[in-house]
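Asks: the following block contains a protein sequence and its predicted model.
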Amino acid sequence: MNPEIPSRPLQCRSCGAENAPDSTYCAYCGNLLPAEERPEADDGGAGTKDGVSPIGDRFSGPKIGFKRIGIFKFVVFSILTLGIYPACWIFLRRKQINALASTEKLSDFVAFLPLGLTLISLLFGMSLEGEDSPDWMSLISFALWIWIAFRMRRMLRDHVAGIAPDYAEGNVAPSKLWTFLFTCFYIQHHINRLIDVDILRRTN
């Protein structure tokens, strides 16, 4: 055994399980173990292929910062604000999302559309004494949420694919169905996972 490899188990930040000292991925949940806890981060390239870490050279540079928001809190805030919170979430995170290494980008106008439509829908309902907004407005808003969610999914996957292709394929928002059903909630869940494995930097 390489004497530089630590003998203590590596603990997964996602599920808390202990893994073998030379592990790269968690044997229980499949998450990438944090770089600073893996042997590759400390042995100057020993134990890696051609001296390259399995997650690439990303850790030598700055990481993109995102807020980590629990999904339960996200859902509660969304209900309490009548849908305004997730619309603000998209607009306020457009710069971080656009900083991801992807050819896809989210323009300010597109990022503002969910918030604009949500506010118009609420004002429309108030002006009609509590009546629901027109069906066409709800349909447009639903289609927009799905389109933005899939674009953000591609951007996250593109970014991680440049770092760890094997990890990106099966671990970064892999389900199209869940993206369709849960849109921004699903994206935030995977942002949280990327923060936990140290690919993104937590800012809160």
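Replies: Perfect, I can see it now. Numbers count the residues shown, from 1 in each chain.
Asks: please make it C-alpha for all contacts and neighbour counts, starting now.
Replies: Fine.
Asks: pull up the distance across stretch 157-165, start to finish.
Replies: Criterion C-alpha to C-alpha, to the nearest Å; first-to-last residue distance in stretch 157-165 is 9 Å.
Asks: likewise for stretch 193-204?
Replies: 15 Å.
Asks: so how far is it from its chain's centroid?
Replies: Counting by C-alpha atoms, centre = their mean, to the nearest Å, stretch 193-204 is centred 9 Å from the centre of its parent chain.
Asks: so which helix or strand takes in the residue positioned nearest the centre of the chain?
Replies: Nearest to the mean C-alpha position of the chain, counting by C-alpha atoms, centre = their mean, stands residue 191 at 2.0 Å. Assigned by DSSP states H and E, residue 191 belongs to helix 176-196.
Asks: and what of residue 155?
Replies: helix 135-161.
Asks: next, the angle from that helix to helix 176-196.
Replies: Angle of helix 135-161 versus helix 176-196, following axes from the mean of the first three to the mean of the last three C-alpha atoms, to 10 degrees, is 50 degrees.
Asks: so which elements touch helix 135-161?
Replies: helix 94-98, helix 108-127, helix 165-171, helix 176-196 (3 or more C-alpha pairs under 8 Å, 6 or more residues apart in numbering; DSSP states H and E).
Asks: partner strands of the helix or strand following the longest one and their direction?
Replies: Read in the C-terminal direction, the helix or strand following helix 176-196 is strand 201-202, with elements assigned using DSSP H and E. Looking at strand 201-202 with DSSP bridges, its partner strands are strand 65-66 (parallel).
Asks: what is the mean pLDDT for the very next helix or strand once past the strand it pairs with?
Replies: Toward the C-terminus, strand 65-66 is succeeded by helix 71-80 as the next helix or strand (DSSP H and E). Helix 71-80 shows a mean pLDDT of 95.
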